[in-house]
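1. model this:
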Amino acid sequence: MKRSEINALMREADAFIRSFGFVLPPFAYWSPAQLRRRVAADSACIRNRMLGWDITDYGQGRFAELGLLLFTLRNGRREDLPRGRGMLYAEKIMISRPGQLCPMHRHRLKTEDIINRGGGTLVVELFRAAGEEGIDETSPVQVLRDGSLCRLPAGGRLRLAPGESVTLGPDIWHAFRAEGSAVLIGEVSTVNDDRTDNLFRDPVGRFAQIEEDEPPLHLLVADYPRWLEAESGG
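-> A predicted model of the protein is given here:
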């Protein structure tokens, strides 16, 4: 993806998110220089826990067809999960556009609620896992839809209207797309680690490859290792 495309998507996303009465936190608007200074001073947590902008085409160069825009608002530490204390949760806001697929994947550890916060219909395709990397293409799928059991055939498509949600455990493969118009998606989950916790059905990457055709408006979480020096804390 070109950096100019990413910058434009950030501007559009901010306006779209605000149209639903949701406002991103102040660090969403920091310039790269501001973020670098704050990480060195008092905000290393933002870098260490990968908070912030995440715009991906899964390394395929077809963002309009295969992609997702995300912003991680809060995130705990994976090492706190075994002791059951601390920030054991994460929250994201996402945007999916019509015709744009978030590809089939599941998580090794994370359980998540995927919530339609507004816009069109969110269509979620579901399969049960078969072993570590396999997909069960015959067995029915059972998930919680706003606290009520919902049963679908393998590969069934759950349609979520604004306000509706689904709970997905690590044993559920899922892909989703917007229908009708763009969807503002909320995600509430256990601790999130996008570097290690995603398993994709097809060979795709998690982050985009960036062509630097202009300076970044704001950094992506995938930029942090290159743009921000490692600091302690958080």
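
2. low pLDDT regions in the chain?
-> Within the chain, the ranges that satisfy pLDDT under 70 run 229-234.

3. starting at the chain centroid, how far to the biggest helix by length in the chain?
-> Longest helix of the chain, by residue count under DSSP state H: helix 3-18. Distance of helix 3-18 from the chain centroid (Cα atoms, centre = their mean, to the nearest Å) equals 16 Å.

4. now for that helix, which elements pack on it?
-> strand 52-56, strand 68-75, strand 89-96, strand 172-190 (3 or more Cβ pairs under 8 Å, 6 or more residues apart in numbering; DSSP states H and E). No exception for glycine: its C-beta is placed from N, CA and C like everyone else's.

5. can you list the neighbours in contact with it?
-> By Cβ atoms under 8 Å, 6 or more residues apart in numbering, the surrounding residues in contact with helix 3-18 are 23-24, 28, 53, 55, 63, 69, 71, 93, 95, 182, 184, 208, 210-218, 220.

6. just give the nearest non-adjacent residue to the residue of the chain most remote from its centre, would you?
-> Largest separation from the mean C-alpha position in the chain: residue 138, at 27.8 Å (Cα atoms, centre = their mean). Nearest non-adjacent residue to residue 138, counting by Cβ to Cβ, 6 or more residues apart in numbering: residue 154, 5.6 Å away.

7. the one you found: which element?
-> If you go by DSSP states H and E, residue 154 is not part of any helix or strand.

8. burial measure for it, as a count.
-> Here the number of neighbours of residue 154 (other Cβ atoms under 10 Å) works out to 16.

9. quick revisit: could you export the helices and strands packed on helix 3-18 as CSV, including mean neighbour count and distance to residue 45?
-> Output for the helices and strands packed on helix 3-18, formatted as CSV (neighbours: other Cβ atoms under 10 Å; distance: least, Cβ to Cβ, whole Å):
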stretch, mean neighbour count, distance to residue 45
strand 52-56, 23, 11
strand 68-75, 21, 9
strand 89-96, 20, 13
strand 172-190, 20, 18
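
10. quick revisit: how about the residue nearest to residue 138, what does it touch?
-> Each residue near residue 154 by Cβ under 8 Å, 6+ apart is listed here: 127, 128, 136, 137, 138, 139, 140, 141.

11. out of those residues, who's the most crowded?
-> With neighbours defined as other Cβ under 10 Å, the most crowded of the contacts of residue 154 is residue 127; it has 25 neighbours.

12. spatially nearest residue to that residue, not counting backbone neighbours?
-> Per Cβ to Cβ, 6+ apart, closest to residue 127 is residue 173, 4.2 Å.

13. hang on, isn't that neighbour packed against residue 135?
-> Yes: Residue 173 is in contact with residue 135 according to Cβ atoms under 8 Å; the separation is 5.4 Å.

14. give me the common contacts of these two.
-> Any residue near both residue 173 and residue 135 by Cβ under 8 Å, 6+ apart counts here, and that gives 104, 127, 128, 129, 201.

15. now do the residue nearest the centre of the chain against residue 185, distance only.
-> Here the mean C-alpha position of the chain is nearest to the C-alpha of residue 70 (Cα atoms, centre = their mean), at a distance of 4.8 Å. According to Cβ to Cβ, to the nearest Å, residue 70 stands 9 Å off from residue 185.
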